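A.B. asks: sequence and predicted structure below; questions after.
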Amino acid sequence: MKTYIVTGATGGIGEATTLQLAKEGHTVLALGRNAEKGTVLEQEGQGNIHFFQVDLAKPPEIQQFFDDTATDFPTIDGIFNNAGTFGKPVAPERVTDAQQEVFQVNYHAPEQIIQLAVKRLSKGASIVNNSAIVGHVKFPAMLLPYASSKSALITLTKTYAARFHGKYRFNAICPGPVDTALSHSLYGGKDKFDLAMKHHLRGNAAQPAEIAEVVCFLLSDKASYINGQSLVVDGGYTLT
């Protein structure tokens, strides 16, 4: 069995992936901000999930996590950089320094995690970055920092894949709309989200577990020949 790091592990795609990996018998180091949800997650993991309260907006907390886990978990077999934030919608010509946290969480945190993890990665380790669909399609102008940071994550993914020549694998997933609390907030509530999803090609958004299956595959040795790719997982959303 392997040891994985998952960020944004207490909700949505991150939670579903964490639970799926634990179900498969792997050890998961689950990062999130909500300690109460983290405790519940550990209980559901039946000993395979270890929660760490880490705010990715604060680089010292990321460093502390790696320091604290170096002895008990010296080898990392894979990472799912999942956590993300939309930030406050604002017109692109009015973006200010207040939007820097979006880039910190969505881009710089995964970058730091990879940098700190490299010395502990096992041969053939797999890193999956959640870039979202915005790396491939036009996105609402009011969310420019979000779209830009997620697009940058694709470049980071491909750069690292080339850098390590297959010693470690780096791939990005680009999910379309997923039925999560974060998505609901973007649309102004679950009712509005569900209404909008009626225009989806298949009539509804993905469930987090559907995306988790793809992530777990990419993390596994079954995907050993997939490297440096950005995989769109959207149920045909971009076709419309």
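C.D. replies: Structure's in. What do you need?

A.B. asks: state the three-state secondary structure for L201.
C.D. replies: Under DSSP: H, G, I helix; E, B strand; the rest coil, L201 falls in the coil class.

A.B. asks: OK, contacts around it?
C.D. replies: Counting by CB atoms under 8 Å, 6 or more residues apart in numbering, L201 touches G235, G236, Y237, L239, T240. To be clear about C-beta, it is placed using only N, CA and C from the backbone, and glycine gets the same treatment.

A.B. asks: and it, how far from V118?
C.D. replies: From L201 across to V118, the span is 39 Å (CB to CB, to the nearest Å).

A.B. asks: N204 sits in which helix or strand?
C.D. replies: Using DSSP states H and E, N204 falls within no helix or strand.

A.B. asks: hmm, it is touching M197, no?
C.D. replies: Yes: here N204 reaches M197: they are 5.3 Å apart, a contact under CB atoms under 8 Å.

A.B. asks: so these two - more neighbours on which side?
C.D. replies: Neighbour tally, N204 and M197, criterion other CB atoms under 10 Å: the higher count belongs to M197, 19 against 13.

A.B. asks: for that one, grab phi and psi.
C.D. replies: Dihedral pair for M197: phi -70, psi -10, per degrees, to the nearest 10.

A.B. asks: just the pLDDT for it.
C.D. replies: Looking at M197, its pLDDT reads 85.

A.B. asks: picking that back up, now, among the contacts of L201, which is nearest to N129?
C.D. replies: N129 has its nearest neighbour among these in Y237, at 19.4 Å by CB to CB.

A.B. asks: ramachandran coordinates for the closest one?
C.D. replies: Per-residue torsions, Y237: phi -60, psi -40 (degrees, to the nearest 10).

A.B. asks: all strands for this protein, in order.
C.D. replies: 3-6, 27-32, 49-53, 76-81, 121-130, 169-175, 230-233 (DSSP state E).

A.B. asks: what does the third one rub up against?
C.D. replies: Contacts to strand 49-53, defined as CB under 8 Å, 6+ apart, come from residues 9-10, 18-19, 22, 27-35, 38-39, 41-42, 65, 68-69.

A.B. asks: try it again with 7 Å
C.D. replies: 18, 22, 28-33, 35, 38-39, 41-42, 65 (CB atoms under 7 Å, 6 or more residues apart in numbering).

A.B. asks: these: which two are farthest apart?
C.D. replies: A22 and R33 (19.8 Å).

A.B. asks: compare these two (neighbour count), which wins?
C.D. replies: Taking neighbours as other CB under 10 Å, A22 and R33 compare with A22 leading, 22 against 17.

A.B. asks: list the contacts for that one?
C.D. replies: Per CB under 7 Å, 6+ apart, neighbours of A22: V28, G45, N48, I49.

A.B. asks: so which residues of the chain form helices?
C.D. replies: Along the chain, the segments classed as helices by DSSP state H run 12-23, 35-44, 59-69, 100-103, 109-117, 144-163, 181-187, 190-197, 208-219.

A.B. asks: picking that back up, which of the contacts of strand 49-53 are buried? Put it as a PyMOL command.
C.D. replies: Typed into PyMOL, the next command selects the buried ones out of the contacts of strand 49-53 (criterion: 16 or more other CB atoms under 10 Å):
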select buried, resi 18+22+28+29+30+31+32+33+38+41+42+65
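
A.B. asks: quick one: which of the contacts of strand 49-53 is nearest I79?
C.D. replies: Nearest member of those to I79, counting by CB to CB, is L29, at 9.3 Å.

A.B. asks: give me the neighbour count for the nearest residue to the closest one once chain neighbours are set aside.
C.D. replies: Once flanking residues are discounted, L29 sits nearest to I5: 4.8 Å by CB to CB, 6 or more residues apart in numbering. By other CB under 10 Å, 25 other residues sit near I5.
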